[in-house]
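Chemist: got a predicted structure plus its sequence, pasted below:
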Amino acid sequence: MSASHDRSALSRLIDRLDAVNEWTGRFTAWLGLVLTLTVFAVVALRYGFNDSDQWLSESIYYWFALMFMLGMGYTYRHDGHVRVDVLARKTSPRRRARIEIVGVILLLWPVCLFIAVSSFDYVDNAWALREGSPEPGGIPLLYLLKTLLIIMPALLFWQGLVELLRSVAVLRGADPTVPTRGDVEEGM
């Protein structure tokens, strides 16, 4: 197998794996609109009609949690997270790729595994109880919301794999597709 064929196969694999968080992020972006409309409805009910709805009020927390937790992998994909680039700021792409690989393996993946493992019993108990809102008239699906504590690190772990493979491709001399912050604005 030729090196160019192998690199293009790796680039295709990266693009396919990368699509998971891209799709999730684009879907999640629409939750911002849903959140805004929900907040508007709660405020309109409260101040316009002197009324309130517990389910609607609680849903604000659900929409925000969904946006935040499901959007983490997408944010990482587009380099929108906080990063201290003291080591990589003025280095070559190959050195940045090495730093990224080390960061994914030694920092990102252990944190993702810690969050998932430490949340498992909490989420499992919520599912066993089919936990709902403690408030009368609240949303009866709290156990689904708590499941995000497992999904979020899984999406971050997944994107870490993509970034690791992208860095390996750079080290092998390939030029994989690299999303930029501009992709976020152009694609939405």
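Modeler: Arrived safely.
Chemist: check the offset of the helix ranked longest in the chain from the chain's centre.
Modeler: When the chain is parsed with DSSP state H, its longest helix is helix 3-43. Distance, stretch centre to chain centre, for helix 3-43: 8 Å (CA atoms, centre = their mean, to the nearest Å).
Chemist: after it, which helix or strand is next?
Modeler: helix 54-70 (DSSP states H and E).
Chemist: what's the angle from that following helix to helix 3-43?
Modeler: 160 degrees (axes from the mean of the first three to the mean of the last three CA atoms, to 10 degrees).
Chemist: residues near the residue nearest to residue 167 when sequence neighbours are not counted, how many?
Modeler: Leaving aside its sequence neighbours, residue 167 sits nearest to residue 97 (CB to CB, 6 or more residues apart in numbering; 3.7 Å). Just so you know, the C-beta spots here come from the backbone N, C-alpha and C atoms, and that holds for glycine as well. A count of nearby residues for residue 97, using other CB atoms under 10 Å, gives 21.
Chemist: please name every helix or strand in contact with the host helix or strand of residue 97.
Modeler: Element membership for residue 97 (DSSP H and E) is helix 93-103. For helix 93-103, the elements it packs on are helix 148-171, judged by 3 or more CB pairs under 8 Å, 6 or more residues apart in numbering; DSSP states H and E.
Chemist: quick one: work out the angle between the helix holding residue 97 and helix 148-171.
Modeler: 150 degrees.
Chemist: so which bits of the very next helix or strand once past helix 93-103 are buried?
Modeler: The helix or strand immediately downstream of helix 93-103 is helix 109-129, counting by DSSP H and E. Going by neighbour count (16 or more other CB atoms under 10 Å), the buried part of helix 109-129 is 109, 112, 115-116, 119, 123, 126.
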